[in-house]
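A.B. asks: Kindly generate the corresponding structure for this input.
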Amino acid sequence: MKLKLPFLKSPPRVSVVSLAGTIASGSRGQLNDASLGALIDKAFRKGSPDAVALVINSPGGSPVQSALIASRIRRLAGEKNIPVHAFVEDVAASGGYWLACAADDIWADGGSIIGSIGVISAGFGAQVLLERQGIERRVHTAGKSKSQLDPFVAQKPDDVKRLKAILNDMHELFITHVKTRRGDKLLMGEELFTGEFWLAAKAQELGLIDGQAHLIPKLKELYGDKVKLTYHVRKKPLLPRLGAQIVEDGLTAIEERAEYARFGL
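C.D. replies: Here you go, the predicted structure:
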């Protein structure tokens, strides 16, 4: 039995949360508020930690899920009055950088990719393929805009205009989040919000991160050599999923690989 002596001060404790993967709703394998909520709550509450460290490796994804996760982190940090530190591994881009900005400071490896503060909508057009195959598409709607951006018909200028307006509004939400969290650290004279991304040294010059550092050395610098780290990671299912779920997981893996490939990873 371990006795707790009141006159002996316990070493500082830091909860470490891994946020690795693309960000999307409805998938256990990807980052979203539903799959991470309990894990993040536990990191802030269990053992009365002195700080929480986020280990981020994400090329982005859903802006809504990025906002939900980041808001949860900020809410718990405020309730518990606990500082939050972010450590970037390969990439914190787009939604991944949104998550990093939930921290009070951001640290990265020299080779980490940072930024891509923008919004993207991607699709395909298959109307020519259908015509060549002699396939007739039949769609019936109530509401003139209900079938907008249908990939099986030619793009309509009004549909594209509406989509771009939505993307611009979402971009403004992203920009506001970054400005709110990074504040005076940002070098506002640069084109920070064009979707461009940089390695850590340039990102530091621009104020997107606070410096180059790795998790354990930096936490020892901040909290002393005796700091205790408690790692919180998502649990994988005990049994493999079969049938259609395997196909879905395979498609998810391909999509995730494509997202990382956009940054040369």
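A.B. asks: so the residue nearest the centre of the chain is in which element?
C.D. replies: Centroid check for the chain by C-alpha atoms, centre = their mean gives residue 96 as the closest residue, at 3.0 Å. Element membership of residue 96 [criterion: DSSP states H and E] is helix 95-100.
A.B. asks: next structured bit after that helix?
C.D. replies: Once the chain leaves helix 95-100, the next helix or strand it forms, by DSSP H and E, is strand 105-108.
A.B. asks: Strand partners (parallel or antiparallel) of that following strand?
C.D. replies: Taking DSSP bridges as the criterion, strand 105-108 forms sheet pairs with strand 84-93 (parallel), strand 211-212 (parallel).
A.B. asks: ranking those by burial, who's on top?
C.D. replies: Stretch with highest mean neighbour count among those: strand 84-93 (a mean of 25; mean count of other C-beta atoms under 10 Å). Any C-beta I mention is one placed from the backbone N, CA and C, and that applies to glycine too.
A.B. asks: Run the chain-centre distance for that one.
C.D. replies: 9 Å (C-alpha atoms, centre = their mean, to the nearest Å).
A.B. asks: And stretch 170-185, by the same measure?
C.D. replies: Computed by C-alpha atoms, centre = their mean, the chain-centroid distance of stretch 170-185 equals 15 Å.
A.B. asks: for the nearest residue to the residue nearest to the centre of the chain once chain neighbours are set aside, what are its contacts?
C.D. replies: Excluding its sequence neighbours, the residue lying closest to residue 96 (C-beta to C-beta, 6 or more residues apart in numbering) is residue 58, at 3.2 Å. With contacts defined as C-beta atoms under 8 Å, 6 or more residues apart in numbering, residue 58 is in contact with 19-23, 31, 91-93, 95-96, 99.
A.B. asks: I'd like those as a markdown table, with pLDDT and distance to residue 212 appended.
C.D. replies: Converted to a markdown table, the contacts of residue 58 look like this (pLDDT from 0 to 100; distance: C-beta to C-beta, whole Å):
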| residue | pLDDT | distance to residue 212 |
| --- | --- | --- |
| 19 | 97 | 19 |
| 20 | 95 | 20 |
| 21 | 93 | 23 |
| 22 | 94 | 25 |
| 23 | 95 | 24 |
| 31 | 94 | 24 |
| 91 | 97 | 15 |
| 92 | 97 | 13 |
| 93 | 96 | 17 |
| 95 | 96 | 22 |
| 96 | 97 | 17 |
| 99 | 98 | 19 |
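A.B. asks: ok, so of the residues you listed, who is nearest residue 81?
C.D. replies: Nearest to residue 81 among the contacts of residue 58: residue 99, at 20.9 Å, using C-beta to C-beta.
A.B. asks: so that closest one touches residue 88, yeah?
C.D. replies: No - the criterion here is C-beta atoms under 8 Å, and residue 99 misses it with residue 88 at 9.8 Å.
A.B. asks: I believe residue 155 is in a strand; please confirm or correct that.
C.D. replies: No - using DSSP: H, G, I helix; E, B strand; the rest coil, the secondary structure at residue 155 is coil, not a strand.
A.B. asks: give me the number of residues near it?
C.D. replies: Taking other C-beta atoms under 10 Å as the criterion, the count of residues near residue 155 is 15.
A.B. asks: Which positions in the host helix or strand of residue 78 come out as buried?
C.D. replies: Taking DSSP H and E as the criterion, the element that holds residue 78 is helix 63-80. Within helix 63-80, the residues that count as buried by 16 or more other C-beta atoms under 10 Å are 63-70, 72-74, 76-77.
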